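S.K.: make a model of this:
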Amino acid sequence: MELVGYVGLLPLLLAFAALLQRRKREVWFYGLCALASLALALGRWNPLYLLLLRVPLFNLFRVPARFLLLFTLAAAALAGWGADALAQPLPTGSRRAWIIFGPLVTSALMTLAWMDAPVSDTPRILERLLWLWRYLPLVLAAGGGGLLFAAWRKRVRLPWLQGACLLLIVADLGAFATVYRQSYNATMPRTQFRAEPRALIFLRADPGLYRIYTHEEIVPDLSVMRESFYPNMALLYDVQATNGFSPLIPKEWARFTRKLSPQKLNLLNVRYFLIPQLLPVDERSEFYDVEDPFAPTLVGRPLTIPPLSVRSLVVESYVSHSANLPDGRVAAEIVLMSADGQIMRLPLRVGLETAEWAYERSDVRAQIRHSRPPVARSWPARSGFPPEDHIGHVYRAEYGLPSPFTVARILIEPVMPRAFVRLERVILVDGQGESHLLSHLLGEGDHTLVYRSEDVAIYRNHDALPRAYLVHCVRIIPDQEAAQAALDKGDFDPRREGILESGLALDEERPADSDKVEIATYQPQRVVIHTNSPQASYLVLSDLFHPGWQATVDGEPAPILRANGVLRAVYLPSGNHTVEFFYRPLSFALGWMISLLSLAVWIVLMALSFRSIRL
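M.R.: Residues are numbered from 1 along each chain as shown. So this is what the prediction gives:
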């Protein structure tokens, strides 16, 4: 791991011994290299490092801790000089010491190899190793210091010093590597790695063109990382991810995705949002496991909406850890409040309006005490100890109000622990029968759980825009910061309008169901799209606007405009059109020209060299 550089305690002592000799310029050179690289590795914790951020080219480098590579190289060279300096005045004597140290070093290596092997009870082994680590530095310091003192006073022969140093270094580095292998550098069996993730089966059932986005709040275990398509894992299975492929993330894309919102997810064609799961499942981890930051829980927070006359409510919900609850037990109360202070309370009861989400799991079925109300939708799930495949449910309840009630605020008060009550959708139906989704009234996303396992929870974003679409209302905002601020506003609807840095502004109503957009070819370096619209529009492609991309409309060159901060857009008159995007950067042309020139020079030099040989 690039954030870790470990050389062992004895090599550090030998490096200091080399610096004390004061004989070779090389020693001081490598000493300065070690000191400078260690200072640079501190990054922003070194105040002087901030000055380097103003140095061109250097300020493009990432991860200051990588300078530890230079530190380990310099420390190793210094340790070698220190060992040579201590060894020179020592008597060589007999080499029978290796008859003792040879088997000891071999045994130490075999022991470390055995400890490094995969084990079924890794946490317990790791705890024991860390317990030994508490006392290991004292043992290494005493052993290393004793050896150096004996060598300095010439109280030890060279073979005994070499053998003891080798044994101590093997034990030191081996102990570190064993703990490191079980923690930061953990691996999984090859057969498990090569098997396809279960979540991939679910995603492949949706063959459309879309992206996923994985929540990166934690660094999960390997199996969870793999099932949740943690950054770079998606690349293995040809799954397109908004997270990008670290560290090859364009600066504009990184800046745009640093502060995501429901509207930005929609713009980027993110159809599925994945949350790595935590274990064990308790109230804290359960809340994390299902909490979607783009469609946060409706439970336990005051919700203010524009006043709306409501005649009925539709609630889609589920509860967890509830198998022992009987019919009629109240899980939460839905409190409707009007602007003038009137209040109406609606109970959400287990077995009547909601129920356990894992109702079909075998251990839940064996002890469930409440009935199953009408199901709104079902989805594949895997849970329990040990995990088993089953069906998960979201339940539907409809509340008819005695008379129309003007709702201005809503409060869903949990009776069960807040983490165990989940309201996915609350739909308000007005007097004309029109439905209003509460999350949309709040400026949040319409996300529903569609897959859940012990490793990952997957939400579907029902508001996601297609990869390519037409807009007929466009604002021109040349300033990037102002455009970003407009995108972050809750009233920005990417389905109805777009924001461009330049071009022709449009203010036309979207034709009802008359726009046609068909992606005929979608490749990494070429995209072909057929469109049809009775009005002028902009074709927006939810891919990164980047130098090197070019476009044609019906075979004629057309400028690509920056849309919605980071996307590509092309202006289209009314009618049928074929739009082609292709990647042809100037750097590529210059590259092959330089390569051809270099090849020609090489051929000429080879010919001249053969001619000189003949002469």
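
S.K.: any low-confidence regions in the stretch 101-250 of the chain?
M.R.: Applying pLDDT under 70 to the stretch 101-250 of the chain picks out residues 112-126.

S.K.: all strands of it, in order?
M.R.: Taking DSSP state E, counting those that start in this stretch as the criterion, the stretch 101-250 of the chain carries its strands at 211-214.

S.K.: show me where it has its helices.
M.R.: Listed in chain order, the helices of the stretch 101-250 of the chain (DSSP state H, counting those that start in this stretch) span 122-133, 136-152, 158-182, 190-194, 198-204, 222-227, 233-236.

S.K.: again, but for the stretch 501-615 of the chain
M.R.: For the stretch 501-615 of the chain, helices defined by DSSP H, counting those that start in this stretch occupy the ranges 586-614.

S.K.: tell me where the model's unsure across it.
M.R.: Low-confidence segments of the stretch 501-615 of the chain (pLDDT under 70): 510-512, 613-615.

S.K.: just send the helices of the stretch 101-250 of the chain back as a markdown table, with mean neighbour count and distance to residue 551 too.
M.R.: Every residue, glycine included, has its C-beta placed from N, CA and C. Output for the helices of the stretch 101-250 of the chain, formatted as a markdown table (neighbours: other C-beta atoms under 10 Å; distance: least, C-beta to C-beta, whole Å):
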| stretch | mean neighbour count | distance to residue 551 |
| --- | --- | --- |
| helix 122-133 | 12 | 53 |
| helix 136-152 | 16 | 62 |
| helix 158-182 | 19 | 50 |
| helix 190-194 | 9 | 40 |
| helix 198-204 | 17 | 30 |
| helix 222-227 | 19 | 37 |
| helix 233-236 | 17 | 27 |
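
S.K.: so which of these is nearest residue 87?
M.R.: Relative to residue 87, the nearest member of the helices of the stretch 101-250 of the chain by C-beta to C-beta is helix 158-182, separated by 5.6 Å.

S.K.: quick one: the strands in the stretch 451-600 of the chain?
M.R.: Using DSSP E, counting those that start in this stretch, the strands assigned to the stretch 451-600 of the chain run over residues 456-461, 468-471, 473-476, 498-500, 506-507, 516-523, 526-533, 537-544, 549-553, 556-558, 561-563, 567-572, 575-583.

S.K.: Serialize these to CSV and add fields for distance to residue 405 and mean neighbour count.
M.R.: Putting these into CSV (distance: least, C-beta to C-beta, whole Å; neighbours: other C-beta atoms under 10 Å) gives the following:
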stretch, distance to residue 405, mean neighbour count
strand 456-461, 30, 24
strand 468-471, 37, 22
strand 473-476, 35, 17
strand 498-500, 38, 24
strand 506-507, 37, 14
strand 516-523, 42, 13
strand 526-533, 42, 18
strand 537-544, 40, 23
strand 549-553, 53, 17
strand 556-558, 53, 11
strand 561-563, 42, 23
strand 567-572, 42, 22
strand 575-583, 49, 16
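
S.K.: ok, back up a step: for residue 88, which of the helices of the stretch 101-250 of the chain is the nearest?
M.R.: Closest to residue 88 of those is helix 158-182 (C-beta to C-beta; 9.2 Å).

S.K.: other SSEs contacting the closest one?
M.R.: On a contact count with 3 or more C-beta pairs under 8 Å, 6 or more residues apart in numbering; DSSP states H and E, helix 158-182 meets helix 9-21, helix 68-87, helix 97-116, helix 122-133, helix 136-152.

S.K.: report the angle between the axes of the first one and helix 68-87?
M.R.: Using axes from the mean of the first three to the mean of the last three C-alpha atoms, to 10 degrees, one finds that helix 9-21 and helix 68-87 are set 70 degrees apart in direction.

S.K.: next one: the last one
M.R.: Using the same axes, to 10 degrees, one finds that helix 136-152 and helix 68-87 are set 40 degrees apart in direction.

S.K.: report the distance from helix 136-152 to the chain centre.
M.R.: With C-alpha atoms, centre = their mean, to the nearest Å as the basis, helix 136-152 stands 44 Å off its chain's centre.

S.K.: packing partners for it?
M.R.: Using 3+ C-beta pairs under 8 Å, 6+ apart, the elements in contact with helix 136-152 are helix 9-21, helix 68-87, helix 158-182.

S.K.: can you lay out the ones you listed as JSON lines showing distance to residue 221?
M.R.: Formatted as JSON lines, the helices and strands packed on helix 136-152 follow (distance: least, C-beta to C-beta, whole Å):
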{"stretch": "helix 9-21", "distance to residue 221": "31"}
{"stretch": "helix 68-87", "distance to residue 221": "26"}
{"stretch": "helix 158-182", "distance to residue 221": "12"}
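
S.K.: count the residues that sit near residue 211.
M.R.: Residues within reach of residue 211, counting by other C-beta atoms under 10 Å, total 20.

S.K.: nearest to residue 295, out of the helices of the stretch 101-250 of the chain?
M.R.: That would be helix 198-204 among the helices of the stretch 101-250 of the chain, by C-beta to C-beta, at 19.2 Å.

S.K.: returning to that earlier point: figure out which of the strands of the stretch 451-600 of the chain is closest to residue 71.
M.R.: strand 537-544 (36.6 Å).

S.K.: give me the sheet partners of the closest one and which way each runs.
M.R.: Sheet neighbours of strand 537-544, with direction, are listed as strand 468-471 (antiparallel), strand 567-572 (antiparallel) (DSSP bridges).

S.K.: identify the residues contacting that strand?
M.R.: 250, 252-253, 267-269, 465-472, 474, 498, 500, 503, 506, 508, 515, 517, 527, 529, 531, 561, 563-564, 566-572, 574, 577, 579, 581 (C-beta atoms under 8 Å, 6 or more residues apart in numbering).

S.K.: switch the cut-off to 7 Å
M.R.: Outside strand 537-544, the residues that touch it by C-beta atoms under 7 Å, 6 or more residues apart in numbering are 250, 253, 267-269, 465, 467-472, 474, 498, 527, 529, 531, 563, 566-572, 579, 581.

S.K.: follow-up on the earlier one: of the strands paired with strand 537-544, which is nearest residue 593?
M.R.: The closest of the strands paired with strand 537-544 to residue 593 is strand 567-572. By C-beta to C-beta, the value is 27.1 Å.

S.K.: how distant is the closest one from the center of its chain?
M.R.: On C-alpha atoms, centre = their mean, the centre of strand 567-572 falls 29 Å from that of its chain.
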